[in-house]
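> Sequence plus the predicted model coming up.
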Amino acid sequence: MKKSSKQFLLISFFISYLCFGIIIHSNIKFNQVFNSPLYLIIFILGCLGPFISALTVHILNKENLGGIKGFTKKLITIKKTKTIVLIPIFLIAHFLFAMLFRGVYRYGKIIDFFRYLPIMLLIIGSQEIGWRGIVQPANEDEKGFWKSSIVTGLFWSLWFLPLIFIPNFIVLPQFYMHFSAYLVGISILSTTLYKISENILYCIILSSFIFALFPVIVLKQNYILIGIALVDAIIATTFKDKTLSKRIIN
């Protein structure tokens, strides 16, 4: 594992675990976090751990990653604009399996998607700069596409681990392993999008959209999550062949 990847994991886990640990130690429920300005700030700071870490790692590795300019360039550079069509394709395929096989617990209001999207862009989408821009490429040099995508997804699931110890968190503790598999699936899907489009921004949009849809398409917390992960892997296998991708965007 490269130095930059180790630095990212160390810094992001330290910040996030510290913040989430404070909330856990305070023994307040997840919904109560949003009623307290102090705990809300701590929670948001914890969620921003990977983003802060990615920026820090770019600064510490200016020669290899370009410092702040490299960070900004990676965030705003858009290549192969036509590949944006893959985002709705991946989203539909991701949720369609659950909808067809009765994996949806209930449907919420579409307005909730727009309510949650800004916050998901901030606390979830921003993480892609580190996961997809630092960790996954570093592991891919050693392990290849599939192993690196899975490993990155597993690290992501470990980042989520403290959150399940906050009472009333959206993921139930007994289904953490299922949720971990689900995150691995999203990691594979997002990595595929990044490999095809070469745009971190598209990965940010994809992850943010998936999590912003949680209140709209409330998934059952059972083996359907593993099924969705397998579907994501199939999508990745299909679209990783750039020939198919070129046919769609041309």
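Here it is on my side, so go on. Numbers count the residues shown, from 1 in each chain.

> so where is this protein shaky, pLDDT-wise?
For the chain, residues meeting the criterion pLDDT under 70 lie at 1, 241-250.

> where do the strands sit along it?
Remark: strands assigned in the chain by DSSP state E are 104-107, 217-219.

> among the ones you listed, which is nearest residue 20?
Among those, the nearest to residue 20 by C-beta to C-beta is strand 217-219 (22.6 Å). Where C-beta positions appear, they are placed from N, C-alpha and C, glycine not excepted.

> so what's the residue nearest in space to the middle of the chain up against?
With distances taken as C-alpha atoms, centre = their mean, residue 207 lies nearest the centre of the chain, 5.1 Å away. By C-beta atoms under 8 Å, 6 or more residues apart in numbering, the residues touching residue 207 are 120, 124-125, 127-128, 186, 190.

> What is the nearest of the residues you listed to residue 10?
Minimum distance to residue 10 across the contacts of residue 207 is 15.4 Å, recorded for residue 127 (C-beta to C-beta).

> Stretch 66-82 spans what distance, first to last residue?
Using C-alpha to C-alpha, to the nearest Å, the end-to-end distance of stretch 66-82 comes out at 27 Å.

> residues in contact with it?
Outside stretch 66-82, the residues within contact range by C-beta under 8 Å, 6+ apart are 54-55, 58-59, 62, 65, 129, 133, 196-201, 249-250.

> rewinding a little: give me the distance between the residue nearest to the centre of the chain and residue 189.
According to C-beta to C-beta, to the nearest Å, residue 207 stands 9 Å off from residue 189.

> Can you list which of the contacts of residue 207 are found in helices?
Using DSSP state H, the subset of the contacts of residue 207 located in helices is 120, 128, 186, 190.
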